[in-house]
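> Predicted coordinates and the sequence they were generated for:
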Amino acid sequence: MIKGVLLDLAGVVYLGESMIPGAGEAIARLRDAGLPLRFVTNTTRMSKTGIVDRLARIGLLIDNDELVTPAEAARTWLVANRRSPHLLVHPALVEDFAGLPDFPDKAVVVGDAGRDFTYDTLNDAFRALSGDADLLALAKNRTFRDDDGDLSLDAGAFVTALEYASRREAVVLGKPAPAFYAAAAAGAGCAMTEAVMVGDDIEADVSGALDAGIGAALLVRTGKYTAGIEDGATPPPTAVVDDLAAAATWILAHRNDPAAIG
């Protein structure tokens, strides 16, 4: 049985400052059916407050605890491992790391820093890693659908560059990290095997979710989707649907079907 729904945001719910047609109604249908929702995003150019505010501007009101972000996962990791952050992130995300304890040991935290990815900022991060700092990646996505409608380079290339230079492997905290999906499912009050993920990224949202233990993962043909991207994906999507509205229809039709999930 399907007992919770995890939804990606950019490319699934909205693009830029506009809701994708039918997305608001689809979310309302899922809520009306009594299915708990968690919005899981690898977006790191905005703080959690900024994301909630953007959603409100386009007509979608959500509670703070419905939004699961990599920055929250990073804060938890930093405190548990007694590390202070060396931030290589977008200026708008810095507020999400305020108030952390000041530990003597460091961890480099890499998000989508946008124009702040410069030689100097990358070299500063490399030097911190050379001094035994840990390497944390909020996400390793290859691309994202930018506000102008075109694909743009995401943080994954810069994380990989730091891994190559420092000979260290990053701890990935956002999608598709199993702990990230586990936290989202737990927040929705269900086991991972009882949750459905809906996303536009074949690697992080779909195959990654299934590898992490999510029961079903639907790929939508919106956002960064390109025709045929699902061919050869391992594991393959549970289903490929046109958009979030079609995903909601699939979820509600299969809600009580044991063969559809798990």
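Now that the structure is in, tell me what you want to look at.
> Run a quick neighbour tally on residue 62.
18 (other C-beta atoms under 10 Å). C-beta here means a position set from N, CA and C on the backbone, and glycine is covered the same way.
> With the one 3 residues further on instead?
A count of nearby residues for residue 65, using other C-beta under 10 Å, gives 8.
> Likewise for residue 140?
24.
> for the one 10 residues further on, same thing?
Under the neighbour criterion other C-beta under 10 Å, residue 150 is assigned a count of 8.
> What's the per-residue pLDDT of it here?
Looking at residue 150, its pLDDT stands at 88.
> likewise residue 17?
89.
> Please report the distance of it from residue 55.
Counting by C-beta to C-beta, to the nearest Å, the gap from residue 17 to residue 55 is 11 Å.
> now swap in residue 110 and tell me
25 Å.
> Show me which of these two is the more surrounded one.
Remark: of residue 110 and residue 55, residue 110 carries more neighbours, 29 against 19, as counted by other C-beta under 10 Å.
> Tell me what the more buried one is bridged to.
Beta-bridge pairing for residue 110 (DSSP bridges): residue 88, residue 137.
> any idea how far it lies from residue 191?
Between residue 110 and residue 191 the computed distance is 31 Å (C-beta to C-beta).
> what's the answer for residue 4, then?
Here the criterion is C-beta to C-beta. By it, residue 4 lies 9 Å from residue 191.
> Please enumerate the strands of the stretch 1-150 of the chain.
4-7, 14-15, 18-19, 37-40, 67-68, 84-88, 106-110, 134-137, 143-145 (DSSP state E, counting those that start in this stretch).
> among those, which is the most enclosed?
strand 4-7 (a mean of 26; mean count of other C-beta atoms under 10 Å).
> Outside of that one itself, list whatever touches it.
Contacting residues not belonging to strand 4-7 are listed as 13, 27, 30, 35-40, 181, 184-185, 188-190, 194-199, 209, 214, 244, 251 [C-beta atoms under 8 Å, 6 or more residues apart in numbering].
> okay, now residue 11: neighbour count?
Neighbours of residue 11 (other C-beta under 10 Å): 21.
> which residues does the closest residue to it other than its chain neighbours contact?
Counting by C-beta to C-beta, 6 or more residues apart in numbering, residue 223 is the residue found nearest to residue 11 once chain neighbours are left out, at 1.9 Å. Going by C-beta under 8 Å, 6+ apart, residue 223 touches 8, 10, 11, 12, 15, 20, 145, 200, 201.
> picking up where we left off before, who touches both of residue 4 and residue 191?
With C-beta under 8 Å, 6+ apart, residue 4 and residue 191 have common neighbours residue 185.
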